[in-house]
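> Structure for the following, please:
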Amino acid sequence: MEIKIDGIEYVPKQEELITQKIIVKTIKWGKTADKMINWVEAKEWCAEQGGRLPTRLELLQAYIDKVEGFKADYYWSSTEYNTYNAWGQSFDTGYQASYTKADASYVRCVFE
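As a prediction, the model looks like this:
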């Protein structure tokens, strides 16, 4: 594959090639839970409704797109940091951080 950068032809080495797969999908958001709950309870709550916890990237995209219905607080994602922690998304600052799964945050399920 040949690429032109600033008018100069460039043929990257095989190890320099990067493939990016972009998947576009429509997400149906449920309502925000009435109270903050821990991560295990959040997963169970979504399963009871027939949905699932959103991924870390889905929550970030919802923040960027300014999806309505989120409180200005942290929401659980399904993305685990390790055995004891999972990622959360702030809909106040846009910041993402890992939190102990025993902590309480809001949850909003997605349905596909």
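
> So for stretch 96-104, mean pLDDT?
Stretch 96-104 shows a mean pLDDT of 96.

> Please point out which parts of it sit buried.
For stretch 96-104, a neighbour-count test (16 or more other CB atoms under 10 Å) marks 96, 98-99, 101 as buried. Where C-beta positions appear, they are placed from N, C-alpha and C, glycine not excepted.

> same thing with stretch 60-76?
60, 62-63, 70, 74-76.

> How about stretch 46-65?
46, 51, 53-54, 56, 58-60, 62-63.

> Same list (these) but as a markdown table, adding pLDDT, secondary structure and distance to Lys31.
Formatted as a markdown table, the buried residues of stretch 46-65 follow (pLDDT from 0 to 100; DSSP: H, G, I helix; E, B strand; the rest coil; distance: CB to CB, whole Å):
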| residue | pLDDT | secondary structure | distance to Lys31 |
| --- | --- | --- | --- |
| Cys46 | 97 | helix | 11 |
| Gly51 | 97 | coil | 11 |
| Leu53 | 97 | coil | 14 |
| Pro54 | 97 | coil | 13 |
| Arg56 | 95 | helix | 21 |
| Glu58 | 94 | helix | 16 |
| Leu59 | 95 | helix | 15 |
| Leu60 | 93 | helix | 20 |
| Ala62 | 94 | helix | 14 |
| Tyr63 | 94 | helix | 17 |
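
> Quick check: strands, which of the buried residues of stretch 96-104 are part of them?
96, 98-99 (DSSP state E).

> Which one of the residues you listed is nearest to Glu41?
Taking CB to CB as the measure, Glu41 lies nearest Tyr99 of these, at 13.7 Å.
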